[in-house]
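Student: what shape does this take:
(one chain, ligands or ions: 3)
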Amino acid sequence: MVDRMNAPDPGWVAVDHYVADHLIGDDPAAALAANEAAGLPDIDVSPAHGKMLHLFARMCAARRILEVGTLGGYSTIWLARALPEDGALVTLEIDPHHARVARQNVDHAGVGHLVDIRIGPAREALDAMVANEEGPFDLVFIDADKANNVAYVRAAIALSRPGTAIVVDNVIREGLVLDDASDDERVVGTRLLFEAVAAEPRLSATAVQTVGVKKWDGFMIALVQ
Ligand code: SAH
Ligand code: DHB
Ligand code: MG
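Tutor: Ligands and ions are numbered 1, 2, ... in the order given. Alright, predicted model coming up:
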């Protein structure tokens with residue numbers, strides 16, 4: 001197993017700050033301050049990863065983006081900033097308090113007109129979106145309850161076209177993904193995700209480990225083919 005507890009930081013946090021100071025530009029930090037004031041957990045993507053998601057959306061020339069797991073809308077703002085003025089981002093959030101804070105944050109960031117926040121369990125919202133044929137989306141970012149990640153990726157495929165990019169956060173979890181004896185539903189869900197994606201011929205995928213202010217974690221990146 002991986003010795004997480006004794007893992008030192010050989011400079012990951014300092015390097016993340018160096019990256020942010022040089023390359024990130026206009027970080028929507030006001031959203032993070034509002035989240036903290038409203039008591040939301042500090043589990044947003046990092047500034048460097050928010051900018052990465054923004055660049056992914058621009059690489060896809062995304063016009064329609066789907067996000068699962070809004071929290072206070074920090075990643076939402078980064079993604080929405082990549083959209084053209086006639087673009088749209090649908091983001092799914094189970095917690096009405098999170099959704100209220102997110103609404104204020106996306107409005108304050110000047111992207112509110114592009115963002116549709118839907119409150120409720122994401123699986124139900126996704127089923128309705130599939131039934132209503134609301135696809136295809138150009139980019140899907142999955143970052144909610146990890147136990148449902150297989151269902152979220154299946155729904156993302158149902159709402160995709162060939163070339164849609166699917167990005168999943170938190171798939172490494174400080175190496176816990178290797179623990180085949182874990183009874184943590186987040187770890188079990190992540191391992192089931194790897195198996196489902198490996199067995200899915202419609203996806204070509206990889207996972208990229210990350211370190212920095214959010215410790216050791218990583219993203220899965222998949223392309224619908
Ligand atoms: N993407 C955000 C962070 C999301 S944190 C960012 O980087 O800024 C995960 C969010 O998923 C939380 O707000 C949590 O309330 C929400 N969530 C958890 N279970 C959910 C479910 N079943 N359906 C929809 N949202 C869910
Ligand atoms: C958790 C969830 C996240 O989306 C994240 O980026 C970090 C932590 C969590 O549920 O602990
Ligand atoms: Mg996350």
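Student: where do the helices sit along the chain?
Tutor: Along the chain, the segments classed as helices by DSSP state H run 12-19, 29-37, 47-59, 74-80, 96-108, 122-131, 149-158, 185-198.
Student: put the alpha carbons of the longest one into CSV.
Tutor: Read it as helix 185-198. Coordinates of each C-alpha in helix 185-198 appear next as CSV, following Å, rounded to 0.1, in the frame of the first residue of the first chain:
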residue,chain,number,x,y,z
GLU,A,185,-17.5,4.1,-1.0
ARG,A,186,-15.5,6.9,-2.7
VAL,A,187,-12.6,4.5,-3.2
VAL,A,188,-14.8,1.7,-4.3
GLY,A,189,-16.6,4.1,-6.7
THR,A,190,-13.3,5.3,-8.2
ARG,A,191,-12.1,1.7,-8.7
LEU,A,192,-15.4,0.8,-10.4
LEU,A,193,-14.9,3.9,-12.6
PHE,A,194,-11.5,2.7,-13.8
GLU,A,195,-13.0,-0.8,-14.6
ALA,A,196,-16.0,0.6,-16.3
VAL,A,197,-14.0,3.0,-18.5
ALA,A,198,-11.4,0.3,-19.3
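Student: re the thing from before, in CSV: the helices of the chain, plus distance to Thr164, mean neighbour count and mean pLDDT.
Tutor: (Glycine included, C-beta is placed from N, CA and C.) Shown next, in CSV, are these (distance: least, C-beta to C-beta, whole Å; neighbours: other C-beta atoms under 10 Å; pLDDT from 0 to 100):
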stretch, distance to Thr164, mean neighbour count, mean pLDDT
helix 12-19, 28, 15, 97
helix 29-37, 26, 16, 98
helix 47-59, 12, 19, 98
helix 74-80, 14, 28, 99
helix 96-108, 23, 19, 98
helix 122-131, 14, 17, 98
helix 149-158, 7, 21, 98
helix 185-198, 14, 17, 98
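Student: redo these as TSV? Include distance to Arg173.
Tutor: Listed next are the helices of the chain as TSV, based on distance: least, C-beta to C-beta, whole Å:
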stretch	distance to Arg173
helix 12-19	16
helix 29-37	22
helix 47-59	15
helix 74-80	18
helix 96-108	21
helix 122-131	20
helix 149-158	12
helix 185-198	6
